[in-house]
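*Asks:* give me the fold of what follows.
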Amino acid sequence: MEGIIYTNLDVNSFHLRTVLSELEQGFKTFFKF
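*Replies:* Predicted structure coming up:
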């Protein structure tokens, strides 16, 4: 049971980092950083 929870957390954190990096790239392009 714990293994499933940890796997879900890993997937969620990886997905969050991917979204945040995409947002960061969007802001850099938008604001011409």
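*Asks:* from here on, just use CA atoms for contacts and neighbour counts.
*Replies:* Will do.
*Asks:* which residues of this protein fall in strands?
*Replies:* Using DSSP state E, no strands are assigned anywhere in the chain.
*Asks:* where exactly do the helices run in it?
*Replies:* With helices called from DSSP state H, the chain shows them at 2-31.
*Asks:* extract the C-alpha trace of stretch 23-32 and format it as CSV.
*Replies:* In CSV, the C-alpha atoms belonging to stretch 23-32 read as follows (Å, rounded to 0.1, in the frame of the first residue of the first chain):
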residue,chain,number,x,y,z
LEU,A,23,5.2,28.0,-17.3
GLU,A,24,8.7,29.4,-16.7
GLN,A,25,9.6,29.1,-20.3
GLY,A,26,6.3,30.7,-21.3
PHE,A,27,7.0,33.7,-18.9
LYS,A,28,10.6,34.0,-20.3
THR,A,29,9.2,34.1,-23.8
PHE,A,30,6.4,36.5,-22.9
PHE,A,31,8.5,39.0,-20.9
LYS,A,32,11.6,38.5,-23.2
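*Asks:* just the mean pLDDT for it, thanks.
*Replies:* Stretch 23-32 shows an average pLDDT of 87 in the prediction.
*Asks:* now do it: distance to the chain's middle.
*Replies:* Distance of stretch 23-32 from its chain centroid, counting by C-alpha atoms, centre = their mean, to the nearest Å, is 16 Å.
*Asks:* ok, D10 to L20 distance?
*Replies:* For D10, the distance to L20 equals 15 Å [C-alpha to C-alpha, to the nearest Å].
*Asks:* typo on my end, T29
*Replies:* Following C-alpha to C-alpha, the distance that separates T29 from L20 is 14 Å.
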